[in-house]
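>>> Pasting the sequence and the predicted coordinates here, then a few questions.
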Amino acid sequence: MDEALGVQGDTLATLQVEPGACYLALAVGVRGDVAGLSLAAQTKRTTAQSRLDAAVPGAALTFCAGAEDHALLEVDARGLGLVWMSAVWQIARSRLGEVPR
Amino acid sequence: MIRRRALGLVIGSALALGACAGPSKAPPSAAPGRFGRIEGAPNTKTWLPPTPGGQAEVLAVEGGVAGDRVMSMLEVPEGDCAVAIARATPSVDDVDLFAYGEDGAVLGSDEGSDKSPALLVCPPHPRRILLVARIAAGHGLVAIGAERVALRDAPRAASVYRVRYQPGELAKRMSVWPGLDEKVEEHRRRIGGRWVDVRRVAVPLDARTPTRVSASIDSERCLDVLIAPSDEVTAVDVVLQSEDGRVLGRAQSEGRDRTLIVCSPTPVSISLELRPHLGIGLAVVMLSRSEEGSEPDIDAEALRLDVYSFGSVAEERKRHDAIQASLGYPPARVVASGTLPLGRRLSYPLDLPEGCVRLDWVSGAPLRGVEAFLYAPDGALLAKETGKNPGLFAAARPRPRGSTRARSRARGPSRSSSTRSTVRRSCWRNTRSLPAVCSVACSRRASSRALVRSAPCTRATSRARLSRARR
C-alpha cells in the first residue's frame, strides 16, 4: 500500500490506513554504509517500534490501525551515503460489523 | 532529551600529544553506609580514554539511549580554533556530534558510524558555540569535551583527533555538483530574506517510487527548500506534507529546479515527497532556515506556504480569497464566523444552495488547525476535512419543503473563547436553499470563518456514463 525511498536521518510519512486493519512495514538499506535502521509506527492510541538487530540490514514491524484512519511512519536511518527503501503491506483487516479497537 | 550538566575540568596547559583528558571530578566521598542522592557528575575515570591534546576539557557527561542527546555551550576566542569530541562507554555503538552557532548556523557535524566523533571549528566562528552529541545506536554514558587550539596548530590537531571533515570541507564536497553554489546564490537573491544552510543532501529519484525527506521548522521561522535534480530525471513533482499528512502545497518550478518556502508560527515537522515523471537519477535537496527577524524581507511573490495561520482572520481571508480568485472561483459569501474553543465541537446551521458547493473554513492566528465536518440534516456525514483552511465539497440536492434547518457545532479548548461565524455566498445558479450541518473543531483556541462558494460557475460538474470497453 505504500513504498518510498529515503536517505540518512529521520523521515516521517503519514499513511492513510483502514480502521481495523493491520499492517507490516519494512525498511531496508539499499545503498551505502548502514549503521542503524529503525522503524516506528504511531497512531493516536498505539505505537509500534522495530527492534534493532545488527545481523539484519533492515527493520520491520507490524501495527494495527485500531479505530484510526491515519498512521505516522518514522524511519530513522544512520550511516554514510545511505539510501533505504520502505514498504508497507496490509496483512489483516477486520470483518464487516466488527468494531475496531 | 538528556539533561545537561557541566563538569568543567581543565587539565594540562599545552597542546602535547600523549597527554590525558583526565578524569572528571569525582563525586564527594561518602561515609560508609551512607545512602541517598548525591551531587555531581558520573565519574569518567574508568572509561574515558586519554585524549591526544593536553588542554582537553570535559564539558558534559550524561547517560542515555538511542536518540538521546548531551549538550553544552562552549566559549571560544574568536581568533582560535576548537576541537570538540564525544566519547562513550562500550555499550554505546554510535555517537554523532554537531556544533551550532546561537543563530542556528551549522559549524560542523560528524555523523560517522562510530562512537568517537570529532569536530574542528576554526575562525570565523561565533564566540559562543553549542555542542550536541547524539546517541545514534546503543545506550550508556556519553561525554563531550573540547580543546582550545591555536590557528597554526589546527591541521595537526585535526590529524591527531582524527577529525573527518575540516571546516569548509562539507561545503566543498557539495560544490562538486556543478553550479550548485551559483544556483543557491541566485535563488536566495530572488526570494529575498536572509538564510542559514540547514541541510544539503543528495537523494535518489525514481519515477516508480516517491522519495521522502523530512525537516523541522522552528517557531516563527521559515524553511526554504531548493531541489536541483540531475539530468536523468524529468519533471519532478514535490509535495509538501504536514506531520498529520495534510498536503500543504506543491513546489513551483525554477527551470528544472523546484522551490518552495514553508513557514510556521510553532515548531513543526514537515515532509517532502519527490517523484519524477520519468527516469531514475539524483537530486540535491537544500534546506535553509530563515534568520530570525528576516521573514518580512522574503519576496511577496515567492511561493510561501504556511503550516498554520500567522495573521488575523481578516488577513487570512484576504489572502485566501486571492488564492481562490486565481484559481477561477467567484467571490464567496460568508456564512459563519466565530471563535472556536479548544477541544469542543461547535455546530453552525447552514443553508446550502442546490448544486456543487465549496465550503472553506478560514482560520486566523493562534489557531492550529480546524477539523471541519459537513453533515446533512439526517446526520449523514457529507464531507470531512482537516487543516488550516479546510475546504469541503458537497453536492446538495433540493430540500423538501418544510424540512428542518441544520445546526452547527465546534470542538474547542478547555479555556473558553468567543465564537463568531459569517456566511458568504456568491454566484448561485439556483437560489433554493438546502439544509446542512457544518461542524468544526479546532485544536487550539482561535477564531475562524466559514465561506461558502458555489462551484458550478467555475468548476462545472458533469455526469459521465461508463461502459465496458469494446475490443
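Good, I have the coordinates.

>>> neighbouring contacts of stretch A:3-13?
Residues external to stretch A:3-13 that are found in contact with it (C-beta atoms under 8 Å, 6 or more residues apart in numbering or on different chains): A:2, A:30, A:32, A:72-88, B:111, B:199, B:201-204, B:206, B:209-214, B:241, B:243, B:269, B:271, B:273. In this view, the C-beta of every residue, glycine as well, is placed from N, C-alpha and C.

>>> what is the rounded mean pLDDT of it?
Averaging pLDDT along stretch A:3-13 yields 92.

>>> ditto for stretch B:286-306
Average pLDDT, stretch B:286-306: 87.

>>> Could you do stretch A:80-95 as well?
Stretch A:80-95 comes out with an average pLDDT of 89.

>>> B:Gln260 falls within a strand, correct?
Check again: residue B:260 is Leu, not Gln. Yes: for B:Leu260, which was evaluated using DSSP: H, G, I helix; E, B strand; the rest coil, the result is membership in a strand.

>>> close to chain B, is the helix or strand hosting A:Trp84?
Counting by DSSP states H and E, the element that carries A:Trp84 is strand A:70-92. Yes: with C-beta under 8 Å from any C-beta of the partner chain as the criterion, chain B is reached by strand A:70-92 at A:70, A:72, A:76, A:78-80, A:83, A:85.

>>> which stretches of chain B have low pLDDT?
Scanning chain B for pLDDT under 70 picks out B:1-31, B:53-54, B:113, B:165-178, B:396-471.

>>> Which positions in it make contact with chain A?
Those residues of chain B that sit near chain A, judged by C-beta under 8 Å from any C-beta, are B:66-67, B:93-94, B:96, B:111-113, B:136-137, B:199, B:201-204, B:206, B:209-214, B:241, B:243-245, B:269, B:271, B:273.

>>> re the thing from before, who wins on neighbours among the residues of strand A:70-92 next to chain B?
Within those, most neighbours by other C-beta atoms under 10 Å in any protein chain shown means A:Arg78, with 24 neighbours.

>>> thinking again about what came up before, return the list of strands paired to the strand holding A:Trp84, each annotated with direction.
According to DSSP bridges, strand A:70-92 forms sheet pairs with strand A:2-7 (antiparallel), strand A:9-16 (antiparallel), strand A:22-42 (antiparallel).

>>> Using PDB, write out every CA atom in the biggest helix by length in chain B.
Longest helix in chain B by number of residues (criterion: DSSP state H): helix B:313-326. Output in PDB follows, covering the C-alpha atoms of helix B:313-326 (Å, rounded to 0.1, in the frame of the first residue of the first chain):
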ATOM      1  CA  VAL B 313      -8.900  36.100  10.300                       C
ATOM      2  CA  ALA B 314      -9.400  39.200   8.100                       C
ATOM      3  CA  GLU B 315      -5.800  38.900   6.800                       C
ATOM      4  CA  GLU B 316      -6.000  35.200   6.200                       C
ATOM      5  CA  ARG B 317      -9.400  35.600   4.500                       C
ATOM      6  CA  LYS B 318      -8.000  38.300   2.200                       C
ATOM      7  CA  ARG B 319      -5.100  36.000   1.300                       C
ATOM      8  CA  HIS B 320      -7.400  33.000   0.900                       C
ATOM      9  CA  ASP B 321      -9.700  35.000  -1.400                       C
ATOM     10  CA  ALA B 322      -6.800  36.000  -3.600                       C
ATOM     11  CA  ILE B 323      -5.700  32.300  -4.000                       C
ATOM     12  CA  GLN B 324      -9.300  31.200  -4.700                       C
ATOM     13  CA  ALA B 325      -9.700  34.000  -7.300                       C
ATOM     14  CA  SER B 326      -6.500  33.000  -9.000                       C
END
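
>>> What is the distance between the helix or strand that that helix is followed by and the centre of its chain?
Reading on from helix B:313-326 to the C-terminus, the next helix or strand found by DSSP H and E is strand B:333-340. Put simply, strand B:333-340 sits 30 Å off its chain's centre (C-alpha atoms, centre = their mean, to the nearest Å).

>>> In strand B:333-340, which residues are buried?
Judged by neighbour count using 16 or more other C-beta atoms under 10 Å in any protein chain shown, the buried positions of strand B:333-340 are B:333-340.

>>> Tell me the helix or strand right after it.
Toward the C-terminus, strand B:333-340 is succeeded by strand B:342-353 as the next helix or strand (DSSP H and E).

>>> buried set for that following strand?
Using 16+ other C-beta under 10 Å as the test for burial, strand B:342-353 gives B:342, B:344-353.

>>> Return the list of strands paired to that strand, each annotated with direction.
The partner list of strand B:342-353 in its sheet, established with DSSP bridges, is strand B:408-412 (antiparallel), strand B:433-442 (antiparallel).

>>> For B:Pro124, state which of the residues of strand A:70-92 next to chain B is nearest.
Closest approach to B:Pro124 among the residues of strand A:70-92 next to chain B (C-beta to C-beta): A:Leu80, at 27.9 Å.

>>> was I right about that closest one contacting A:Asp33?
Yes: with contacts counted by C-beta atoms under 8 Å, A:Leu80 reaches A:Asp33, the gap being 4.4 Å.

>>> which residues sit in contact with the residue nearest the centre of chain A?
The residue at the geometric middle of chain A, judged as the C-alpha nearest the mean C-alpha position with C-alpha atoms, centre = their mean, is A:Ala25 (3.8 Å). Contacts were defined as C-beta under 8 Å, 6+ apart; by that measure A:Ala25 touches A:39, A:41, A:60-63, A:73, A:86-88.

>>> could you redo these as a markdown table and give each row distance to B:Glu185 and neighbour count?
Below are those laid out as a markdown table (distance: C-beta to C-beta, whole Å; neighbours: other C-beta atoms under 10 Å in any protein chain shown):
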| residue | distance to B:Glu185 | neighbour count |
| --- | --- | --- |
| A:Leu39 | 38 | 24 |
| A:Ala41 | 41 | 23 |
| A:Ala60 | 44 | 16 |
| A:Leu61 | 43 | 18 |
| A:Thr62 | 48 | 15 |
| A:Phe63 | 45 | 24 |
| A:Leu73 | 36 | 25 |
| A:Ser86 | 35 | 25 |
| A:Ala87 | 39 | 15 |
| A:Val88 | 40 | 22 |
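
>>> roughly how far apart are the closest residue to B:Asp257 other than its chain neighbours and B:Met286?
Sequence neighbours aside, B:Ala228 is the residue nearest to B:Asp257 in space, at 5.1 Å (criterion: C-beta to C-beta, 6 or more residues apart in numbering or on different chains). Between B:Ala228 and B:Met286 the distance, using C-beta to C-beta, to the nearest Å, works out to 7 Å.

>>> what sits in contact with each of these two?
Common neighbours of B:Ala228 and B:Met286 (C-beta under 8 Å, 6+ apart) are B:Leu180.

>>> coming back round to it: can you say which two of the residues of strand A:70-92 next to chain B are spatially most distant?
Within the residues of strand A:70-92 next to chain B, two members stand farthest from each other by C-beta to C-beta: A:His70 and A:Leu80, at 33.0 Å.

>>> partners of whichever helix or strand B:Leu119 is part of, with directions?
The secondary structure element spanning B:Leu119 is strand B:118-121 (assigned by DSSP H and E). As defined by DSSP bridges, the strand partners of strand B:118-121 come to strand B:81-88 (antiparallel).

>>> Convert the C-alpha atoms of the partner strand to PDB, please.
This file holds the C-alpha atoms of strand B:81-88, laid out as PDB (Å, rounded to 0.1, in the frame of the first residue of the first chain):
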ATOM      1  CA  CYS B  81      40.100  27.100  16.800                       C
ATOM      2  CA  ALA B  82      38.400  24.400  18.900                       C
ATOM      3  CA  VAL B  83      38.400  20.700  18.700                       C
ATOM      4  CA  ALA B  84      35.200  19.100  20.100                       C
ATOM      5  CA  ILE B  85      34.900  15.400  20.700                       C
ATOM      6  CA  ALA B  86      32.400  12.900  22.100                       C
ATOM      7  CA  ARG B  87      33.300   9.600  23.800                       C
ATOM      8  CA  ALA B  88      31.100   6.900  25.100                       C
END
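
>>> what distance separates that strand from the middle of the whole chain?
28 Å.
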